[in-house]
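Student: need a structure here:
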Amino acid sequence: MSGFHFPINYMINNKFKLLVLFVFITNISFGQGIFKFRQLREKDTVAKSIFNPKNKREVSNKGKFFAHWGYNFSSYAKSDIHFKGPGYDFTLLKVKASDRPTKFGSTYFDPGRLTIPQFNLHFGYFFKDNYSISLGWDHMKYVVDVPQTVRIKGFIDPQISNPGISTGDWAGHYNGEEVTLVDSVLKFEHTDGYNFAAVGIERYDDIWVSRSGKQSLNTEVGLEAGLLVPRSDVRLFGEGANHYWNIAGYGFAGKIGLQYHFLKWMYFQGSFKTGFTDLNKIHTTGRNAIDNAKQNIWFFENYWVLGFRF
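Tutor: Presented below is the predicted three-dimensional model:
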């Protein structure tokens, strides 16, 4: 009997040893697989953090408000200005104009004079994490350069408007002749100012977010549409006034910029904006029912603002 049981015990023992060895090898392989899987997941997480930094921002912007204030520089494409009234109907072609930024000084720090320089004021609300809607007032200034030589089309009578304004040597019919604008003939400014009151929609994308989440850099792109509310200072052959604000037309604009959030609730932003405006009711001599001007203006604006998010 002992000769018969020995092989069975031997086989059982060997099978048990093989089973233990198999389990040991399997555990090692499984452990290495888990370790490699964890490494891959960690690498994937790092990659996502680098290439999609939004994952590092823990707080959503949705439901928050923002406001910013700052100052701008602007420039303008050449534009045609059409003047019309009793005894005249003429267009000055490709007129050059410039902005008029206030010299840097105490004006920028005096609360009672903050609206004198060319400024930007915007309020907005995030209806999604990276989309906002805003209301803005861009106070730019537009000044026709004098003297300058332009071409003119149309006619001017010896006396225009009512009561009559003498036009002197400018009386005549024109078909593209060159003339020189001087102060006694034309003063034309939107200096109080060339105001663009607009509703905008903006999109934001994170470029970089600090580990603490307190600092970040993101892009802003947006579209705006609104009204032009200038206060125009115009003199036509010496007759005119610095008029009150009026809704003179409408405009559209696109913008792109960078925001640097140096605190969770405060940011600094630099942006570029360009737009088209149609001003179809510009006050000139002050006889608004009979004397008016029209023009289309392409503007280019660079502005820098300090903002708050709350």
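
Student: beta partners for the closest residue to residue 237 other than its chain neighbours?
Tutor: Nearest-residue entry for residue 237: residue 165, 5.1 Å, with adjacent residues in sequence omitted and distances by CB to CB, 6 or more residues apart in numbering. Where C-beta positions appear, they are placed from N, C-alpha and C, glycine not excepted. With beta bridges defined as DSSP bridges, residue 165 has these partners: residue 160.

Student: do the same with residue 241
Tutor: For residue 241, the beta-bridge assignment (DSSP bridges) gives partners residue 234.

Student: residue 263 and residue 125: what is the separation?
Tutor: Shown here: residue 263 relative to residue 125, a distance of 20 Å by CB to CB, to the nearest Å.

Student: more neighbours, these two?
Tutor: With other CB atoms under 10 Å as the criterion, residue 263 and residue 125 differ in neighbour count, and residue 125 comes out ahead with 15 against 10.

Student: buried sites along the strand or helix carrying the more buried one?
Tutor: With the criterion set as DSSP states H and E, the secondary-structure element containing residue 125 is strand 119-128. Of the residues in strand 119-128, those scored as buried under the neighbour-count criterion (16 or more other CB atoms under 10 Å) are 119-122, 124, 126.

Student: with distance to residue 212 and pLDDT added, can I get those in JSON lines?
Tutor: Supplementary listing: the buried residues of strand 119-128 in JSON lines, determined by distance: CB to CB, whole Å; pLDDT from 0 to 100:
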{"residue": "119", "distance to residue 212": "33", "pLDDT": "94"}
{"residue": "120", "distance to residue 212": "30", "pLDDT": "96"}
{"residue": "121", "distance to residue 212": "30", "pLDDT": "96"}
{"residue": "122", "distance to residue 212": "27", "pLDDT": "97"}
{"residue": "124", "distance to residue 212": "25", "pLDDT": "96"}
{"residue": "126", "distance to residue 212": "21", "pLDDT": "96"}
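
Student: distance to residue 86 added to those residues, as a markdown table?
Tutor: Listed next are the buried residues of strand 119-128 as a markdown table, based on distance: CB to CB, whole Å:
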| residue | distance to residue 86 |
| --- | --- |
| 119 | 38 |
| 120 | 40 |
| 121 | 40 |
| 122 | 42 |
| 124 | 46 |
| 126 | 53 |
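
Student: grab the two from these that are most spread out in space.
Tutor: Using CB to CB, the two most remote members of the buried residues of strand 119-128 are 119 and 126, lying 23.5 Å apart.

Student: quick one: the helices in the stretch 51-200 of the chain?
Tutor: Ranges of helices within the stretch 51-200 of the chain: none, based on DSSP state H, counting those that start in this stretch.

Student: in this protein, where is pLDDT below threshold?
Tutor: Residues of the chain meeting the criterion pLDDT under 70: 1-56.

Student: hmm, 90 instead?
Tutor: For the chain, applying pLDDT under 90 flags the ranges 1-61, 101-116, 192-193, 209-216, 241-245, 263-265, 286-289, 310.

Student: backbone phi and psi for the residue lying closest to residue 102 once chain neighbours are set aside, please?
Tutor: Counting by CB to CB, 6+ apart, residue 117 is the residue found nearest to residue 102 once chain neighbours are left out, at 3.9 Å. Dihedral angles of residue 117 (phi, psi; degrees, to the nearest 10) stand at phi -70, psi 170.

Student: show me what contacts residue 117?
Tutor: Under the criterion of CB atoms under 8 Å, 6 or more residues apart in numbering, the contact partners of residue 117 comprise 71, 101-102, 107-108.

Student: any chance of a markdown table for those, columns neighbour count?
Tutor: Compiled in a markdown table, these are given as follows (neighbours: other CB atoms under 10 Å):
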| residue | neighbour count |
| --- | --- |
| 71 | 18 |
| 101 | 14 |
| 102 | 14 |
| 107 | 14 |
| 108 | 14 |
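
Student: between the lengthiest strand in the chain and strand 119-128, how many degrees?
Tutor: For the chain, the strand with the greatest residue count under DSSP state E is strand 186-209. Relative orientation of strand 186-209 with respect to strand 119-128: 40 degrees, computed using axes from the mean of the first three to the mean of the last three CA atoms, to 10 degrees.

Student: which other helices and strands contact strand 186-209?
Tutor: With contacts taken as 3 or more CB pairs under 8 Å, 6 or more residues apart in numbering; DSSP states H and E, strand 186-209 sits against strand 119-128, strand 131-144, strand 216-228, strand 232-236, strand 249-263, strand 292-309.

Student: spatially central residue in this structure, please.
Tutor: residue 255 (3.5 Å; CA atoms, centre = their mean).

Student: residue contacts, that residue?
Tutor: When contacts are counted by CB under 8 Å, 6+ apart, residue 255 is found next to 200, 202, 220-224, 271-274.

Student: swap the cut-off to 10 Å and go again
Tutor: For residue 255, the set of contacting residues under the criterion of CB atoms under 10 Å, 6 or more residues apart in numbering consists of 136, 200, 202, 220-224, 271-275, 301, 303.
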